[in-house]
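J.: how would this look folded up:
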Amino acid sequence: MAPNGIRSSGNRRIHWLALIVAPAFGIAVTLMHATGVRDISVLALSLMVAAASTLVGGLLGFLFGVPRAANDNSDRDGASPPSPTRARYRANTNLEQISDWLTKILVGVGLIQLASLRRVGGDLVEAVSPALGTGPASKVYAAALMIYFSILGFLAAWLLTRLYLAPALSDTERALEVLVAAESEQNAGNQEQARQLRQEAVRILAEAQHLPRRYESLRQQLAPGSSRTLEMESVVSAARRSADSGLWTADQIRDMYDEGTDGERVFALGIMQGNTQVADTDRIVDALLRPRSSFEQLQALMAAYKALPGLDVDGRTKIVGTTRTLLDEERITPTGQRMIVARLIIDSSDGPRQSKTADNSGESRRIG
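T.: Residues are numbered from 1 along each chain as shown. Have a look, this model is predicted:
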């Protein structure tokens, strides 16, 4: 049976493939229709109607997909009461309010005016169908074309808004909260703490978007060696620090890993090292058995070692068994950090041997 991580990655690829296949199918049908009537203008008009329908559906999908900002008093568990400093800064929720108003208006008016909407839709089909052909099926074709691409645009825009806009707004909100804390420290006379908090706000905004790409650039531009490894380690270190921001959830980490790019996978493994609560055993095992680089395998080993104390029996057995397999099949070089961490994982299953190994290796103390 395939690991859950592999199945999730496959499902995600299927979803994105559907967003490509569905419009391709619609365009293929328009080509077939234009070929049947032998009129290039019908093809051009069909594509324009399809594009307009997609935009209308996409706008509605965006409005319905705009995320709702958390309320400090009711929606965030354990939220602290608002302070005078916090009250001076609030995230701009105009987009959320407009989305909320428009969706309620559209749904309400739509339910009340169903008969009118049906009549308007019929008039629209009557107006469009002559431009898409003069045959008996032109009205059916026009109605199907508009409905198909409207629904497709709605679903695509809703999905993309949920996937990308919500995390972006979450990053901005978190950075704003850190900046508010920085001003509070500044007013209290804690200059150094205020400076560190401002740097933290900048890091929150920068890391999630740029560091995974920085890792990939380093691998492409620098020659293999210790200098490149140190630079890549800095990316993973930033990922570990990012884990403390409370920005990441287990689902976000799984999605980041399943995206498949080298930078995202390594960044996700670094976050798992910094916050074992979001560590995913199946993703770690996948990175151990099918790494895209030796550096990625090292990060998977370190994530596995740090996550071991909090895993249940099945999780520990899976991690230790996979590590034993790597050693037995000689898929880890006898020297270097990977072997050190692999031995620490094996020794951790034997109880007292872990402390002995850690005491005898300065490198193992650094990793732990």
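
J.: phi, psi of residue 133?
T.: phi 130, psi 160 (degrees, to the nearest 10).

J.: might you report the residue contacts of it?
T.: 33, 37, 39, 42, 141 (C-beta atoms under 8 Å, 6 or more residues apart in numbering). Glycine gets a C-beta too; all of them are placed from N, C-alpha and C.

J.: recalculate using a threshold of 6 Å.
T.: 37, 42 (C-beta atoms under 6 Å, 6 or more residues apart in numbering).

J.: distance check, it against residue 35.
T.: For residue 133, the distance to residue 35 equals 12 Å [C-beta to C-beta, to the nearest Å].

J.: for stretch 303-312, which positions count as buried?
T.: 303, 304, 305, 306, 307, 308, 311 (16 or more other C-beta atoms under 10 Å).

J.: any idea which of the residues you listed is closest to residue 253?
T.: Nearest to residue 253 out of the buried residues of stretch 303-312 is residue 303 (C-beta to C-beta; 10.5 Å).

J.: wait, that closest one sits on residue 274?
T.: No: judged on C-beta atoms under 6 Å, residue 303 makes no contact with residue 274 at a distance of 9.4 Å.

J.: re earlier: secondary structure for the buried residues of stretch 303-312 - can I get that in TSV?
T.: Formatted as TSV, these follow (DSSP: H, G, I helix; E, B strand; the rest coil):
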residue	secondary structure
303	helix
304	helix
305	helix
306	helix
307	helix
308	helix
311	coil
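
J.: kindly reformat those as JSON lines containing distance to residue 265 and pLDDT.
T.: Output for the buried residues of stretch 303-312, formatted as JSON lines (distance: C-beta to C-beta, whole Å; pLDDT from 0 to 100):
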{"residue": "303", "distance to residue 265": "11", "pLDDT": "94"}
{"residue": "304", "distance to residue 265": "14", "pLDDT": "94"}
{"residue": "305", "distance to residue 265": "18", "pLDDT": "93"}
{"residue": "306", "distance to residue 265": "17", "pLDDT": "93"}
{"residue": "307", "distance to residue 265": "16", "pLDDT": "92"}
{"residue": "308", "distance to residue 265": "20", "pLDDT": "91"}
{"residue": "311", "distance to residue 265": "20", "pLDDT": "90"}
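
J.: could you say which helix or strand holds residue 124?
T.: Secondary structure from DSSP states H and E places residue 124 in helix 114-128.

J.: low-confidence regions, the stretch 251-368 of the chain specifically.
T.: 259-260, 350-368 (pLDDT under 70).

J.: repeat the analysis, applying 90 as the threshold.
T.: 251-264, 267, 274-278, 310, 330, 333-336, 347-368 (pLDDT under 90).

J.: let me know the pLDDT of residue 227.
T.: What the model reports as pLDDT for residue 227 is 82.

J.: sweet, I'm off.
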